[in-house]
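>>> this one's sequence-less:
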């Protein structure tokens, strides 16, 4: 078994805003690109364009339909390693390949020591481990440890690749062990939550819930678009009245 270090004061991790993630997969693709060219062995693909493609992805976006009727919405749910404070994948590793860093709380895999037994994947309640089909070793999100401490990069690039590439700024990176950090304040303000807290793994990564829907725009019923185009609005209330007045101001 591999010993866990004492809880670290610094807890680097991600905060993901489910309200504005659009499921574009940019984080998934950039994660694949960076980790294939950077830390550790490449993230390999087998038969990528064939009938049975197999490959390694350290970040995935799952899409769900939630709610019913007027409350129905589509939620895009990114998921990768959550760098748990009490990471169950670490103590089960027979070689010490899976370990948690004492200085910043990041969970990593020493691929030179990994024997591909899969015990860490079986113990992870989030399915965040990936067995590389070509290398025969386990891989996982590293929080781009080879970026965040790389002083040869511009300061704006010293963040995980998934955060850097997100077009809607739905992903945030920082020290969740510091209550005064931007990410901790964001979690406090928006009611950030743990994924599957009943597992008692104390994940560092947090999720921000979708915001409540705005009040439904009043529907005035059928609209005479010809009369509206000729400036013959009924000056009523609701969306069409607002649109009519807005267009008047723009003329």
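Yep, it's here. Quick caveat: nothing in here was measured; it's all calculated off a predicted structure. Numbering: from 1, shown residues only.
>>> all strands in this structure, in order from the N-terminus.
With strands called from DSSP state E, the chain shows them at 12-17, 45-46, 54-55, 60-66, 73-79, 98-100, 107-109, 130-131, 138-139, 171-175, 206-208.
>>> Those strands: which one's closest to residue 198?
With Cβ to Cβ as the measure, strand 206-208 is the member of the strands of the chain nearest residue 198 (15.1 Å). Just so you know, the C-beta spots here come from the backbone N, C-alpha and C atoms, and that holds for glycine as well.
>>> Can you lay out the strands of the chain as CSV showing mean neighbour count, distance to residue 247 and mean pLDDT?
Putting the strands of the chain into CSV (neighbours: other Cβ atoms under 10 Å; distance: least, Cβ to Cβ, whole Å; pLDDT from 0 to 100) gives the following:
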stretch, mean neighbour count, distance to residue 247, mean pLDDT
strand 12-17, 25, 33, 98
strand 45-46, 15, 52, 79
strand 54-55, 14, 51, 80
strand 60-66, 12, 35, 92
strand 73-79, 16, 30, 94
strand 98-100, 23, 59, 96
strand 107-109, 22, 55, 96
strand 130-131, 19, 53, 90
strand 138-139, 24, 55, 92
strand 171-175, 21, 37, 98
strand 206-208, 22, 36, 98
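>>> Would you reformat those as JSON lines and include distance to residue 194?
What follows is the strands of the chain, written out as JSON lines (distance: least, Cβ to Cβ, whole Å):
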{"stretch": "strand 12-17", "distance to residue 194": "11"}
{"stretch": "strand 45-46", "distance to residue 194": "32"}
{"stretch": "strand 54-55", "distance to residue 194": "29"}
{"stretch": "strand 60-66", "distance to residue 194": "17"}
{"stretch": "strand 73-79", "distance to residue 194": "13"}
{"stretch": "strand 98-100", "distance to residue 194": "17"}
{"stretch": "strand 107-109", "distance to residue 194": "16"}
{"stretch": "strand 130-131", "distance to residue 194": "22"}
{"stretch": "strand 138-139", "distance to residue 194": "23"}
{"stretch": "strand 171-175", "distance to residue 194": "16"}
{"stretch": "strand 206-208", "distance to residue 194": "7"}
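>>> ok, what's across the strand from residue 138?
Beta bridges link residue 138 to residue 131 when assigned by DSSP bridges.
>>> Isn't it up against residue 119?
No: using Cβ atoms under 8 Å, residue 138 is not in contact with residue 119; the gap is 9.1 Å.
>>> can you map out the helices along this structure?
Remark: helices assigned in the chain by DSSP state H are 26-37, 119-123, 145-148, 161-165, 182-190, 225-229, 239-250.
>>> circling back to that earlier point, among the strands of the chain, which is nearest residue 156?
strand 171-175 (11.7 Å).
>>> Okay, angle between the closest one and strand 73-79 too, please.
40 degrees (axes from the mean of the first three to the mean of the last three Cα atoms, to 10 degrees).
>>> helices or strands up against strand 171-175?
Where contact means 3 or more Cβ pairs under 8 Å, 6 or more residues apart in numbering; DSSP states H and E, strand 171-175 is packed against strand 12-17, helix 161-165, helix 182-190.
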